[in-house]
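Participant: A structural model of the following input is requested.
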Amino acid sequence: MNDILNLMKDLTNAFGPSGFEDDVIEIIKKHTSFIDKERDSINNLYLGLQKIDKDKPIVALDCHIDEIGFMAEHINDNGTISFIPLGGWHIPNIVSNSVVIKSSSGEYVKGVIGSKPPHFMTDEERRKLPALYDMYIDVGTRSKKETQEVFGIQIGDPIAPDVDFRYDERTKSICAKAIDNRVGALCVIETLKALKDEKLNVNLVGMMTAQEEVGTRGASVAANKVKPDLVIVFEGSPADDTFYYGDRAHGAIGRGSQLRIIDGGMITNPRLSKYTIETAQKNHLAHQVIVREKGSTNGATYHKANLGIPSIVLGVATRYAHSHYCYASYDDIIASIEIAKALIKTLNKEKIKEF
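Facilitator: Below you'll find the model as predicted:
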């Protein structure tokens, strides 16, 4: 695998549910020796913020680095663990999957999400989905004491899906957890790296934000700290090509970066949207224009922060987002990076004011 895929492997395999992004931050630091870094109390990581030319506008490259996960809510007498969600889970995507708990003792403990076996269900229970409070995590112990003393697991410990990255060169398909949105972190890193020696008319800053999956909380802090003049948001966006077909699918893997016009949280600045689409077309970069009624990104926070920051979302289509196992295309990652690079090279103070 090449360097980009190896970085993607490290990022997606890393443990980092909302609020507990520390392991992801360490990986990002390891791969960004070429730029200054600064971390804040909410777990945002800023890249390139210490060398700002005040005569140039700030263009921020944003991503969120948290993943959906869970938190231990109670340790039951039989040693199983009750839990709450961190982020937007759908019940069928949860049960019978493997997870890893980062225990209070610092150990990474593997477990399985279980529910009442069908052998013990009533006919009524068989006909409906289990509720979250009917599920539990089993780490193979037999008592509360064993769970606490052997593994050091306590109430409040974070939990993430347990999935290993894989890549198939024949289809250029990535399968991993947390593509939403470790793919965004990769795009920010690779864009900054590619442009680090370019003479740009803007200050380029990376904003690796925390807690997006629980309400774009890190983005609220980042907007106030960086005060960017324009934001490019990289996101692992839900794909629609497993239930839409042909040209009806606007978020298909392998068809290029998703340029989002609207979602549940933001109507993209139409002037910036038009300019970005024209930039992609002019440079013959694969892209697909999408309209979404639901869902949102950090752009929902940025476009109404300060005096309103022009924001554009470059999405990498992600099949089965908000589940354990996701698919994405290597080619779409490259397309998103290339569109961002082409766009940034054309930006200056006057152009940004047009948006």
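
Participant: now the element after the helix or strand of the chain with the lowest mean pLDDT, going C-ward?
Facilitator: Between all helices and strands in the chain, the lowest mean by mean pLDDT, DSSP states H and E belongs to helix 123-126, at a mean of 72. Once the chain leaves helix 123-126, the next helix or strand it forms, by DSSP states H and E, is strand 136-138.

Participant: which ones are touching residue 345?
Facilitator: 195, 198, 200 (C-beta atoms under 8 Å, 6 or more residues apart in numbering). For the C-beta atoms, the positions are set from N, CA and C on the backbone; glycine is no exception.

Participant: hang on, residue 52 in a helix?
Facilitator: No: counting by DSSP: H, G, I helix; E, B strand; the rest coil, residue 52 is located in no helix; its state is coil.

Participant: please enumerate the strands of the stretch 151-300 of the chain.
Facilitator: Taking DSSP state E, counting those that start in this stretch as the test, the strands found in the stretch 151-300 of the chain are 158-161, 166-168, 173-176, 203-209, 230-238, 257-262, 287-291.

Participant: got those strands as a markdown table, with mean neighbour count, mean pLDDT and distance to residue 316 columns?
Facilitator: Putting those into a markdown table (neighbours: other C-beta atoms under 10 Å; pLDDT from 0 to 100; distance: least, C-beta to C-beta, whole Å) gives the following:
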| stretch | mean neighbour count | mean pLDDT | distance to residue 316 |
| --- | --- | --- | --- |
| strand 158-161 | 24 | 98 | 19 |
| strand 166-168 | 13 | 98 | 14 |
| strand 173-176 | 21 | 98 | 9 |
| strand 203-209 | 25 | 98 | 16 |
| strand 230-238 | 28 | 97 | 6 |
| strand 257-262 | 23 | 97 | 7 |
| strand 287-291 | 18 | 97 | 11 |
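
Participant: the helices in the chain, which residues?
Facilitator: For the chain, the helices identified by DSSP state H occupy 3-13, 22-30, 123-126, 144-151, 179-195, 217-226, 270-282, 299-302, 330-346, 349-353, in order along the chain.

Participant: ok, which of those comes nearest residue 232?
Facilitator: Counting by C-beta to C-beta, residue 232 lies closest to helix 330-346 out of the helices of the chain; the figure is 5.4 Å.

Participant: for the least confident helix or strand of the chain, packing partners?
Facilitator: Using 3 or more C-beta pairs under 8 Å, 6 or more residues apart in numbering; DSSP states H and E as the contact criterion, no secondary-structure element is in contact with helix 123-126.

Participant: any idea how far it is from the chain center?
Facilitator: On the basis of C-alpha atoms, centre = their mean, to the nearest Å, the separation between the geometric centre of helix 123-126 and that of its chain is 36 Å.

Participant: okay, that helix in CSV with CA atoms only?
Facilitator: Output of helix 123-126 as CSV, limited to C-alpha atoms (Å, rounded to 0.1, in the frame of the first residue of the first chain):
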residue,chain,number,x,y,z
ASP,A,123,-43.5,-14.0,19.7
GLU,A,124,-44.0,-10.3,20.2
GLU,A,125,-40.4,-9.7,21.0
ARG,A,126,-39.3,-11.5,17.8
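
Participant: now do the buried residues in that helix.
Facilitator: Neighbour counts using 16 or more other C-beta atoms under 10 Å place no residue of helix 123-126 among the buried ones.

Participant: then stretch 339-348?
Facilitator: In stretch 339-348, counting by 16+ other C-beta under 10 Å, buried: 339, 340, 341, 343, 344, 347.

Participant: could the residues you listed go into CSV alongside distance to residue 327 and pLDDT?
Facilitator: Converted to CSV, these look like this (distance: C-beta to C-beta, whole Å; pLDDT from 0 to 100):
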residue, distance to residue 327, pLDDT
339, 21, 98
340, 22, 98
341, 25, 98
343, 26, 98
344, 28, 98
347, 32, 98
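
Participant: could you work out the most separated pair of those?
Facilitator: The largest separation in these, counting by C-beta to C-beta, is between 339 and 347 at 12.8 Å.

Participant: for the most centrally placed residue in the chain, give me the pLDDT.
Facilitator: Using C-alpha atoms, centre = their mean, the residue of the chain that lies closest to the mean C-alpha position is residue 181, 1.6 Å off. With respect to pLDDT, residue 181 has a value of 96.

Participant: change the start of the numbering to 55 and stick with it
Facilitator: Sure, I'll start counting at 55 from here, so that last one is residue 235.

Participant: residues in contact with it?
Facilitator: For residue 235, counting by C-beta under 8 Å, 6+ apart, the contacting residues are 117, 118, 119, 121, 266, 288, 289, 290.
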